[in-house]
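# Compute the structure for the input listed below.
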Amino acid sequence: MSQLVPFRRGRFEDLPELPRTPHAYGSAEQHELDLHSEPFGRIRVHHRTMGQGPPLLLVHGLMTTSYSWRYVLEPLSRHFTVYAPDLVGAGRSDKPLGARYSLANLATFVAEYQRALGIVGCPVIGNSLGGAICVELLQRDPASMSRLLVLHAPGFAEPRLWALKLALSIPGVEAALSWFIRRDPERWAHRNVHYWDESLKSLEEAREYGAPLAEEAGAMTFIRYLKECVDPSGFARLQRQLRSRNLGGEPPILLLYARKDPMVPPALGPRWAAALPEARLAWIEEGSHFAHVDAVDAFLNQTRLFLGVS
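Here you go, the predicted structure:
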């Protein structure tokens, strides 16, 4: 048997039709929420639900959708009613082009989604960029969630993000990038999602993440996320606000980071722990910042302990 080499990507041509590990995403209830959003206008929000317990909100990251929670929906639904929306501008939700996809506006969207469903104050899990969005909401309104699990989030003004911002400011780059993504969005998704065990990938996943990018609106809102939400000046503002706030009264926070990851530097885990001294930092030894996909048992063990369920 060949030894697993972490993050070694296989060929797109060799992807199986279905993932080798079954999941319950297709059996989750599908809903379309008509939401009036202050920053985004009248929008339709696609979301999945599963379970019948108290609410638990799952917020996905950049370029993914509610599909990213496919392996943990059913286990978490044994204890909670799990809500997994596609963020505005992503997945099957609407993609308004006239709005600004800033960290602050996306945090407002999450708060509006909570209010619309009557789940303000529930525990929240945010993955990757979704984790940074949730921290933005938390510092603005600590009562918006009872607990927050941040799974391998960015959130600091790294040099590479300044370089990205500069590149996207060059005339014509956005249009060229949109064309490049749309010419083969499934391959784009395959190349830009990284797992500890790349054999978890499938054509089903490539299509799920590629489909929103196939249309101009989807590709452009993805680029807006890169330009306006993954904005180092926005992350710097958030960190300044965290440093200036009065500690006390915040809900419990768990920072869950992978030891190795090519997408979000693991070194950001300790930096978040310094920015959020009330938080606990825990590590995933063999997994990516998509630990809910490629390190499910480790993710669930930490999550159940944090949320107080067995």
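# For the longest helix along the chain, which outside residues touch it?
Ranked by residue count under DSSP state H, the longest helix found in the chain is helix 103-117. If you take Cβ atoms under 8 Å, 6 or more residues apart in numbering as the criterion, helix 103-117 is touched by 33, 35-40, 45, 47, 55, 57, 59, 83, 85, 87-88, 99, 120, 122, 132-134, 136-137, 140-141, 144, 229, 231, 234-235, 238. (C-beta placed from N, C-alpha, C; glycine too.)
# Please indicate which of those residues are buried?
35, 37, 39-40, 45, 47, 55, 57, 59, 83, 85, 87-88, 99, 120, 122, 132-134, 136-137, 144, 229, 231, 234-235, 238 (16 or more other Cβ atoms under 10 Å).
# Which ones among these map onto helices?
Under the assignment DSSP H, the buried ones among the contacts of helix 103-117 contribute 132-134, 136-137, 234-235, 238 to helices.
# quick one, phi psi at the residue nearest the centre of the chain?
Geometric centre of the chain, nearest residue: Gly61, 1.8 Å, by Cα atoms, centre = their mean. Backbone torsions of Gly61, given as degrees, to the nearest 10, read phi -110, psi -170.
# what's the nearest residue to it if we skip its chain neighbours?
Spatial nearest neighbour of Gly61, excluding adjacent residues (Cβ to Cβ, 6 or more residues apart in numbering): Ser128 at 2.8 Å.
# next one: Gln30
Arg48 (6.0 Å).
# just the helices in the stretch 101-250 of the chain please.
103-117, 129-140, 159-168, 173-183, 185-192, 203-214, 216-224, 232-244 (DSSP state H, counting those that start in this stretch).
# With distance to Pro19 and mean pLDDT as extra columns, can I get these in a markdown table?
Formatted as a markdown table, the helices of the stretch 101-250 of the chain follow (distance: least, Cβ to Cβ, whole Å; pLDDT from 0 to 100):
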| stretch | distance to Pro19 | mean pLDDT |
| --- | --- | --- |
| helix 103-117 | 28 | 98 |
| helix 129-140 | 21 | 97 |
| helix 159-168 | 30 | 97 |
| helix 173-183 | 23 | 98 |
| helix 185-192 | 13 | 98 |
| helix 203-214 | 6 | 98 |
| helix 216-224 | 22 | 97 |
| helix 232-244 | 33 | 95 |
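# Just name the most buried of those.
Among the helices of the stretch 101-250 of the chain, ranked by average contacts under mean count of other Cβ atoms under 10 Å, first place goes to helix 129-140 (a mean of 25).
# Alpha carbons only: can I get that helix in PDB?
The C-alpha coordinates for helix 129-140 follow below in PDB (Å, rounded to 0.1, in the frame of the first residue of the first chain):
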ATOM      1  CA  LEU A 129     -13.100  33.100   5.700                       C
ATOM      2  CA  GLY A 130     -16.400  32.300   7.300                       C
ATOM      3  CA  GLY A 131     -14.500  32.200  10.600                       C
ATOM      4  CA  ALA A 132     -13.200  35.700  10.100                       C
ATOM      5  CA  ILE A 133     -16.700  36.900   9.200                       C
ATOM      6  CA  CYS A 134     -18.000  35.400  12.400                       C
ATOM      7  CA  VAL A 135     -15.300  37.100  14.500                       C
ATOM      8  CA  GLU A 136     -16.300  40.400  12.900                       C
ATOM      9  CA  LEU A 137     -19.900  39.800  13.900                       C
ATOM     10  CA  LEU A 138     -18.800  38.700  17.400                       C
ATOM     11  CA  GLN A 139     -16.800  41.800  18.200                       C
ATOM     12  CA  ARG A 140     -19.700  43.900  16.900                       C
END
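# Not counting that helix itself, show me its contacts.
59-62, 87, 103-104, 106-107, 110-111, 124, 126, 144-145, 148, 150-155, 225, 229-230, 235, 238, 241-242, 245, 250-251, 253, 276.
# cool, stretch 173-188 as well?
By Cβ under 8 Å, 6+ apart, the list of residues contacting stretch 173-188 from outside reads 12, 167-168, 203, 206-207, 209-216, 219-220, 222-223, 227.
# Also stretch 252-263?
6-7, 128, 138, 147-152, 194, 196, 266, 268-269, 272-273, 276, 278-289, 291, 295, 299, 302, 306.
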